[in-house]
Each structure stands twice: as structure tokens, then as C-alpha cells.
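Peer 1: Dropping the sequence and predicted coords here.
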Amino acid sequence: MEKRLISYRCNIITPTKEGRLLTLEDHIINVQDGKIQSIVPYAEHQGEWNDYRDCIALPGFIDLHAHVSQFHVKGAHEPALLPWLQKHVFPAEKHSKNPDYARNISSLFFAETIRKATSFSVIYTAPFREAADAAFEVASQMEIKAKIGMSLMDTNSPAYLMHNKDYALSNSIELDEKWTEPMLGHIFSPRFALSCSPELMHEIGKYAQAKGSFIQTHLSENPEEIRQVIKAFGQDSYTEVYRNLGILTNKTILGHAIHLSDDELDTIKLSGAAIAHCPDSNFFLKSGVFPLSRIKEKGIPFALGSDVAAGTSLFMPYHAKMMNYRQDNTLVSAQEMLFRITLRSAEILHLDTRIGSIESGKDADISFFKLPPELDFGENALSPFFFASDIFKLKQFLIDGKERL
Ligand SMILES: [Zn+2]
């Protein structure tokens, strides 16, 4: 961590906790001890400064849903979830039982998150302790912020991935006890209802509720998946399965959540659980359209995930653009796009006092994107940033004030 005070002269765009979009032209961000010490207009600054006048400073992006062990099968297509898992994902995840392989793929994954200005990721690993240990070890060495969980699969899965309930429980509880830091912590990760026994999910729910631990899983991504879940569990809906097993808490993050009845949305709202919306993945696997306006009307918190490898990129602004493109009739503003890859994600992680915006006292997780010379700085620069992002080049990226490029 950098102890010296370092000053960055730049233009800032950030969401604020009051729900506003703040645009600050020609300001100084003072960074010390990994934190944003102050933000002042340049005219009031005395002393040296680093020249980022040609840049927009944005908060580090947050990816609420990704699979590290799938990193090498990005783009391998199959137009439906279950065949895609069988053909591409499960065979790829098998390799992460080898610790060297798992460390290598984790290093490549996290290096890419840095290049894409993501400062916090919420991650599933392959269903092996080796894969989870490697991801934690590499994240710790690379000073990456993340929640990481081993995918749990104790039933109805290929033999080369499947573990038993005791393995799933004992290893994930050990990980939960070992990795307790807010910025590098464990998240229980029952993969989805089809790969987990009711007994396992019940135990996870009970433990996580008692300890206040985070849980992530997938919900109602694909119609055939839903049909199989309802048949296997004999419940009225997919959401009821999770609710009855104690999986829905105010620290649960549900991936996808596409095909949901109003009753299911009410159940989710009541539980306090949040949704990781993964529009690129939904498009890729032809899963369906996220009911964005209904979910907003219900007031269910949601933010964006890359869902690599069904998502094709770790660049979160691209996923924000996909959120917009996937909606035919619902307006998605550039301000909202920024919010759902930064501050909203931080709120869902209960970390919004530390990350998610550029404000005094928060962690200095800041990206500096070069503003193309033909564009003027201001709120209007945000729209081209999302829709024509390749004309903005990442010039520097800080995590805890440490320059990462
Ligand atoms: Zn996923």
C-alpha cells in the first residue's frame, strides 16, 4: 500500500450515495494509504500532481458473477444452458482439479480483470478444493478483491465433477472460516438446484444464516432447467425450492433470475436477496430476456455480472451496454449503466462504505480512461463511454491506491 500522498489531476464521473451522478471537471483526487483522502478543485490544490487531465476517472468496476475455471471456454457456443454445460463447461472445469492448472487459470483471469478495470469480482470456481484454494491464493498474491466460492455439486452431475455432501460442506465451511476479510472473502456457492441435493442446500442455508455468510447460486435461467427443477423437487416454482431450503437471505446473490412469476418476485423481495443480471450470457445462451422493468417495480436490488464464460468478456461497461441492448421497451440510461457496475454492486455486497464510488474516505479503486480529443468532458461523455467504449483507452488503474498498469 502506498503511504505517500499522491495527487491525480483529472475529471471525475461517479455515482454518489445520494443516488446522484457527480461530474467534476479538473479536480484533484488525493490518495494516501490506499484511500481517497480528499477531492478538491484543482484551483484549490497546492503541491505536485500526476497529469491525468486528458482522462475521466471512474470507480473501479464490480463484477457480481463470474466463473474463473471457465475462463478458457469463452465463446464456445451452444444455444441452450444444459447442453452448453455438458459439452463445454463441465469438461473445462475438470482441469482445475490440478493445482498448477488452477493457479495458472486464476492468474490469467485476475490479470484480465485488472486490464479491464475491475476492482472486485464475485466468483465461482470448479467444484474442487484445489480450484478454490488456487483462486484464493492467487487473488491474495495479486492483491485482488473478491468473493470466491467452490461450486457445490453433490448430485446429478458428471462423475468427474461430482463430490459428496460431506466434501461440499466440510470444504466450503473451512473456506468460510479461513477467508473472512471483507475484500477477500468466501461465498457459499451451491451451483444450481439441479446439481445440489436438498440436504446439502438446507445445511448451507442453515450455516450461512447462522454466521451471516454470503451465498450465490443460479436461478431460473432456462425454461428446460426450470422444468427439471420443478419435477425433481416437486415444488410450485424454482424460487420456492430455494426459499424452503433456506437459501434466500439478504446476503444471497441470485444469478440470472429471468423467468419468474410475480409470486416469485415477491418471495425474492421479501427475503432481501439480490440478483446478478448477466445480459451478455442470456443473449449468448438464448436464455431469455431479463424482466428489468418488473424487477425494478418490485424494488429488488440487482447489478451486473459478466458470467464469463457464457459471458464473452470481463469488461463490465460492455455488459452495461448489453443490459441496454437487451431491452426493447425499457429505458436504461448511461447513469444507470454506471450505477449497476459500481455502487449498486457494492451495496449488494454490503461494502458500499468502502467501494463503489469515488468519494473521500473510500478505497482508492479508480480507473483513468483517456477521453478522446473530439469529446468534451461532462455528463454527456458517459454515453459514448458505454456505447463506443473502444475509443476510450485505459491509461491507469488503481486498486487501494496502487497503480496496476
Ligand atoms: Zn453463472
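Peer 2: Everything's here; your move.
Peer 1: list the contacts for the residue nearest in space to the middle of the chain?
Peer 2: The chain has residue 64 as the residue nearest its centroid, 1.6 Å off, counting by C-alpha atoms, centre = their mean. Neighbouring residues of residue 64 by C-beta atoms under 8 Å, 6 or more residues apart in numbering: 122, 253, 276, 303-305, 345, 348-349. (Glycine included, C-beta is placed from N, CA and C.)
Peer 1: And the furthest pair within the residues you listed?
Peer 2: Taking every pair in the contacts of residue 64 and measuring C-beta to C-beta, the maximum separation is 13.0 Å, between 304 and 349.
Peer 1: From residue 28, how far out is the closest residue to the ion within the stretch 101-250 of the chain?
Peer 2: Proximity to the ion, evaluated over the stretch 101-250 of the chain using C-beta to the ion, is greatest for residue 218 at 5.6 Å. Spatial separation of residue 218 from residue 28 under the definition C-beta to C-beta, to the nearest Å is 44 Å.
Peer 1: and what of residue 260?
Peer 2: According to C-beta to C-beta, residue 260 stands 46 Å off from residue 28.
Peer 1: go on, residue 15?
Peer 2: 20 Å.
Peer 1: and if you look at residue 223?
Peer 2: Remark: distance between residue 223 and residue 28 (C-beta to C-beta) = 53 Å.
Peer 1: Have a look at these two and say which one is more surrounded.
Peer 2: With neighbours defined as other C-beta atoms under 10 Å, residue 223 and residue 28 compare such that residue 28 has more, 24 against 14.
Peer 1: Can you tell me the element the more buried one falls in?
Peer 2: strand 21-32 (DSSP states H and E).
Peer 1: so after that strand, what's the next helix or strand?
Peer 2: Sequence-wise, the next helix or strand downstream of strand 21-32 (DSSP H and E) is strand 35-41.
Peer 1: Show residues contacting the helix or strand following that following strand.
Peer 2: Moving toward the C-terminus from strand 35-41, the next helix or strand (DSSP H and E) is strand 50-59. Counting contacts by C-beta under 8 Å, 6+ apart, the residues outside strand 50-59 that touch it are 6-15, 26, 29, 117, 119, 338, 342-343, 355-358, 365-371, 377, 381, 385, 392, 395-396.
Peer 1: Just the buried subset of these, please.
Peer 2: Those of the contacts of strand 50-59 that meet the buried threshold are 6-15, 29, 117, 119, 338, 342-343, 355-358, 365-369, 371, 377, 381, 385, 392, 395-396, by 16 or more other C-beta atoms under 10 Å.
Peer 1: tell me the domain ranges of the chain?
Peer 2: Listed by automatic domain parsing, the domain ranges of the chain are 6-60+357-403, 61-348.
Peer 1: Identify, out of the ones you listed, the most deeply packed stretch.
Peer 2: Neighbour counts (mean count of other C-beta atoms under 10 Å) averaged over each of the domains of the chain peak at domain 61-348, with a mean of 21.
Peer 1: same question for that one, mean pLDDT?
Peer 2: Summarised as a single mean, pLDDT over domain 61-348 is 97.
Peer 1: just to revisit the earlier point, so of the contacts of residue 64, which ones are in strands?
Peer 2: Filtering the contacts of residue 64 for membership in strands, criterion DSSP state E, returns 122, 253, 276, 303-304.
Peer 1: CSV for those, including distance to the ion?
Peer 2: Formatted as CSV, the entries for the ones in strands among the contacts of residue 64 read as follows, by distance: C-beta to the ion, whole Å:
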residue, distance to the ion
122, 10
253, 11
276, 8
303, 14
304, 13
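Peer 1: For those, give me CSV that also has distance to residue 133.
Peer 2: As requested, the ones in strands among the contacts of residue 64 are exported to CSV (distance: C-beta to C-beta, whole Å):
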residue, distance to residue 133
122, 18
253, 22
276, 24
303, 28
304, 28
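Peer 1: Can you name the next helix or strand after the helix or strand where residue 227 lies?
Peer 2: According to DSSP H and E, residue 227 maps onto helix 223-233. Stepping forward along the backbone from helix 223-233, the first helix or strand reached (DSSP H and E) is helix 238-244.
Peer 1: so how far is that following helix off the chain centroid?
Peer 2: 23 Å (C-alpha atoms, centre = their mean, to the nearest Å).
Peer 1: go on, stretch 342-355?
Peer 2: That offset, for stretch 342-355, works out to 11 Å (C-alpha atoms, centre = their mean).
Peer 1: What lies in contact with that stretch?
Peer 2: Outside stretch 342-355, the residues within contact range by C-beta under 8 Å, 6+ apart are 14-17, 58-64, 119-120, 122, 145, 147, 182-183, 214, 251, 253, 274, 301-304, 356-357, 362-363, 365.
Peer 1: SS state for residue 246?
Peer 2: The three-state label for residue 246, taken from DSSP: H, G, I helix; E, B strand; the rest coil, comes out as coil.
Peer 1: my guess is residue 49 meets residue 5, correct?
Peer 2: No - taking C-beta atoms under 8 Å as the contact criterion, residue 49 and residue 5 are not neighbours in contact, 10.6 Å apart.
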